[in-house]
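Asker: Give the three-dimensional model of this entry:
(2 chains)
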Number of protein chains: 2
Amino acid sequence: MKKVGILGGGQLGRMLLQAAINYPVETFVMEKEAAAPAAHLCNHFIVGNITQFDDVYNFGKNLDALTIEIEHVNIEALEKLEKEGIHIYPNTQALRIIQNKILQKNFYKENDLPTSEFIITQSKEELKNISPFFPAVHKLSNGGYDGKGVQIINNKEEIEKGFDSPAILEKKINIKKEIAIIIAVSDKGDTAIYPPVDMIFDQSLNLLRYQISPAELPEKVFWKVEAIALSAIKKINSPGIFAVELFTDENDNVLINEIAPRVHNSGHHTIEGNYSSQFDMLWRIILGYPLGNTEAILSTALVNLIGEEGYNGTPIYEGLNEVLEMDNVFVHLYGKRETTPGRKMGHVTILSKERQDLLYKANKIKHQLFVRS
Amino acid sequence: MKKVGILGGGQLGRMLLQAAINYPVETFVMEKEAAAPAAHLCNHFIVGNITQFDDVYNFGKNLDALTIEIEHVNIEALEKLEKEGIHIYPNTQALRIIQNKILQKNFYKENDLPTSEFIITQSKEELKNISPFFPAVHKLSNGGYDGKGVQIINNKEEIEKGFDSPAILEKKINIKKEIAIIIAVSDKGDTAIYPPVDMIFDQSLNLLRYQISPAELPEKVFWKVEAIALSAIKKINSPGIFAVELFTDENDNVLINEIAPRVHNSGHHTIEGNYSSQFDMLWRIILGYPLGNTEAILSTALVNLIGEEGYNGTPIYEGLNEVLEMDNVFVHLYGKRETTPGRKMGHVTILSKERQDLLYKANKIKHQLFVRS
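Answerer: Numbers count the residues shown, from 1 in each chain, chains lettered A, B, ... in the order given. I've put the predicted structure just below:
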């Protein structure tokens, strides 16, 4: 059996290990927190810091392959491991580009991949000289995650909100739709594309409301989205699973927002909704099996379960029974010991042929299921 | 989080733990073999013998609930635990009936549940006086499992094949179809019935060839199968998951063959084929959630992967890549360290709207995928 390690033990690791159960593989997880969601689901759990060179190197040196649950890992250790013959998914060359938002934006530019206009900044001070560019989005080059490290700066008066470290300032675009698309790449370079996902936001709260897959897109936009995403992933030149997030604007221009080089929240519906889920697919890639079928079995909606404002501590899932009584709904709770405001605590997938049923139930779940304490 | 234990750490425990990942629950497994398929997938693995009173009692005494992967567990320990308030799925009263084939047959008789005619025997010697009853099937009262403890005795000359311990001798019937049906029962006594499954046998080898769900049955037979199975399970009076195996004969009489008080091979297709799988359903029961939806998403065929004759040792899955390339096929390998002839090493589920596609692929997989060493 191949020995495969995962850096990080959160919900992505948890669902990855859930899919691993179908295959013969010896699994390893490293994570600081011994009670992490994935800690008890692997063959070998190692307490360690995924951002520390020694921890990552020692974890990986006797494995056949390594993958990541989060981009912010010690890349120098991965580079040493890769040189020693351990397979890293994604490879470190791709990870280097993606870990750093400046490199990522330059990668799009150099490869003629459409993305919003941007300026590289080193300090807040610099923002003062570029006001014609506002409204804009300031993004920290390193370490941003799940909405952290991102500030919207509408005008000169808001420059104070900006970052005083290397960052990119992106021109704000009039977003019509946010689309995500998961792409799988095998060691041989074969690719498989999942149907695109509509990320439907709550404009007032700037929060993801729910996801619908397959996305409803005019045919021309659909092909553009697929072509741009695939072209970006081919140029990134690495095996693994990639989530490409894109915007369309009011003129149906398609722009790449960012790429995650790993299984991703925007692909969770594939567990029930597609023949081969993003998690199943990553195991197929790592274990050298053929790529799976990305086709949808039925359409899906996905609602994230987020720790509610004002609650900290042992989670209580209010309204869970009502949701579990729905006929075509799949509940995934991540088993986290503590809820905090905004923390991802689970998700619910709805499976249906009828788009109306998806929307109705997604909204119902939004108003019925709460993570409190 | 509730603390729930599973007695046994084979593939049923493995798939049960795979489903548990969706819910907040602290899992415990007891099993002799530390490298068992389920051993690494629980929060707490305890090496122990599930047939020993002390091992079972000590394992269970601090848990909220216990379930089983196999009937042959120490029931006295479970009875003591049940008295002390630990919830056992199935309850020990039901388990007592089912563990013992004589009690099981008498249970059918006393409750007017149709089953084949039978005689209770204590020794081979007795068989000599009941020859008008042949051809018949001799089944050991205790300890039979997966075809072991069963002998077909066609005539007086074959009496030597019989058992010299308590057993039942069942009159052989002309089987037209073998049907299995999974039924879920909640703590409150609510029930949910899965669509019946066609168990299609290789008559010459007396081996299960594949399963198809939902079964193709004339409407009248369908209702009879459901009514008889449900009536049996209601009379068994226990929460849990139950697999009822039934025969139909050439006159479309429906007879109960036997009941398993646990998740069962005949329900493995529900993982992908039904909204709530048998494994998901058992967690819903144990955790006190509402029962799930037993409806089929699509029809399924299921092929068991059995260790081939003549091979012992580290398994090699020949033909696996060809099967993984099929569009609508789900491979489940149980991660067993050794294959032996006849050992269940995995299963493959095919999902399709088209019955022809199911049959075609089931046959193809039968001729393509082999467990050797």
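Asker: drop to CA atoms for contacts and neighbour counts, all remaining ones
Answerer: Fine.
Asker: what separates the residue in the stretch 101-250 of chain A positioned nearest to chain B from A:P290, distance-wise?
Answerer: Closest to chain B within the stretch 101-250 of chain A is A:A192: 12.5 Å, counting by C-alpha to the nearest C-alpha. Separation of A:A192 from A:P290 (C-alpha to C-alpha, to the nearest Å): 10 Å.
Asker: returning to that earlier point: was I right to think the residue of the stretch 101-250 of chain A closest to chain B contacts A:E226?
Answerer: No. At 11.0 Å, A:A192 does not count as touching A:E226 under the criterion of C-alpha atoms under 8 Å.
Asker: hmm, back to that, residues bridging contact with A:A192 and A:P290, i.e. touching both?
Answerer: Common contact partners of A:A192 and A:P290 (C-alpha atoms under 8 Å, 6 or more residues apart in numbering or on different chains): none.
Asker: what's the closest non-adjacent residue to A:K2?
Answerer: A:V25 (5.3 Å; C-alpha to C-alpha, 6 or more residues apart in numbering or on different chains).
Asker: quick one: secondary structure of the residue of the stretch 101-250 of chain A closest to chain B?
Answerer: strand (DSSP: H, G, I helix; E, B strand; the rest coil).
Asker: and the residue nearest to it when sequence neighbours are not counted, what does it touch?
Answerer: Among residues not flanking A:A192 along the chain, A:A184 sits closest, at 5.1 Å (C-alpha to C-alpha, 6+ apart). For A:A184, the contact set (C-alpha under 8 Å, 6+ apart) comprises A:191-193, A:239-242, A:278, A:281-282, A:291.
Asker: ok, now with 10 Å
Answerer: Going by C-alpha atoms under 10 Å, 6 or more residues apart in numbering or on different chains, A:A184 touches A:190-194, A:230, A:233, A:238-243, A:261-263, A:278, A:281-282, A:284-285, A:291-292, A:294.
Asker: Determine the longest helix present in chain A.
Answerer: Secondary structure of chain A per DSSP state H: the longest helix is helix A:219-236.
Asker: May I see the buried residues of stretch A:347-358?
Answerer: By neighbour count on 16 or more other C-alpha atoms under 10 Å in any protein chain shown, the buried set for stretch A:347-358 is A:347-352, A:357-358.
Asker: Let's see which of those residues end up in strands.
Answerer: Counting by DSSP state E, the part of the buried residues of stretch A:347-358 found in strands is A:347-352.
Asker: Throw those residues into CSV and include distance to chain B, thanks.
Answerer: Below are those laid out as CSV (distance: C-alpha to the nearest C-alpha, whole Å):
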residue, distance to chain B
A:H347, 9
A:V348, 10
A:T349, 11
A:I350, 10
A:L351, 9
A:S352, 9
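Asker: tell me the two of the residues you listed that are most distant?
Answerer: Spanning the widest gap among these are A:H347 and A:S352, at 16.5 Å by C-alpha to C-alpha.
Asker: Which strands and helices lie in contact with the least confident helix or strand in chain A by mean pLDDT?
Answerer: Averaged element by element with mean pLDDT, DSSP states H and E, chain A has its least confident helix or strand at helix A:124-127 (a mean of 86). With contacts taken as 3 or more C-alpha pairs under 10 Å, 6 or more residues apart in numbering or on different chains; DSSP states H and E, helix A:124-127 sits against strand A:118-121.
Asker: neighbouring strands for the strand it packs on, and are they parallel or not?
Answerer: strand A:167-171 (antiparallel) (DSSP bridges).
Asker: Identify the bridge partners of the residue nearest to A:K172 when sequence neighbours are not counted.
Answerer: Leaving aside its chain neighbours, A:K172 sits nearest to A:A136 (4.5 Å; criterion: C-alpha to C-alpha, 6+ apart). For A:A136, the beta-bridge partners are A:I153, A:K171 (DSSP bridges).
Asker: Kindly report the same for A:I119.
Answerer: Assessed by DSSP bridges, A:I119 has beta-bridge partners A:L169.
Asker: ok, how many other residues are close to A:K344?
Answerer: If you count neighbours by other C-alpha atoms under 10 Å in any protein chain shown, A:K344 ends up with 21.
Asker: quick one, phi psi at it?
Answerer: phi -80, psi 110 (degrees, to the nearest 10).
Asker: Next, the closest residue to chain B within the stretch 201-350 of chain A: secondary structure please.
Answerer: Distance from chain B to each residue of the stretch 201-350 of chain A (C-alpha to the nearest C-alpha) is smallest for A:H332, at 4.3 Å. Following three-state DSSP, we place A:H332 in the strand state.
Asker: Tell me the pLDDT of it.
Answerer: At A:H332, the pLDDT value in this model is 98.
Asker: Next, count neighbours for A:A260.
Answerer: 18.
Asker: Please tell me I have it right and it contacts A:A232.
Answerer: No. The criterion here is C-alpha atoms under 10 Å, and A:A260 misses it with A:A232 at 11.7 Å.
Asker: can you pull the buried residues of the longest helix of chain A?
Answerer: Applying 16+ other C-alpha under 10 Å to helix A:219-236 flags A:222, A:224-226, A:228-230, A:232-234, A:236 as buried.
Asker: Mind picking the two most distant members of those residues?
Answerer: Going by C-alpha to C-alpha, the pair spanning the buried residues of helix A:219-236 furthest: A:F222 and A:I236, at 21.3 Å.
Asker: need the helices for the stretch 151-300 of chain A, in chain order.
Answerer: Under the criterion DSSP state H, counting those that start in this stretch, the stretch 151-300 of chain A contains helices at A:219-236, A:270-273, A:278-287.
Asker: Dump these into CSV; add distance to chain B as well.
Answerer: Listed next are those as CSV, based on distance: least, C-alpha to the nearest C-alpha, whole Å:
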stretch, distance to chain B
helix A:219-236, 21
helix A:270-273, 8
helix A:278-287, 9
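Asker: Could you provide those helices in CSV, with additional columns for mean pLDDT?
Answerer: Below are these laid out as CSV (pLDDT from 0 to 100):
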stretch, mean pLDDT
helix A:219-236, 97
helix A:270-273, 98
helix A:278-287, 98
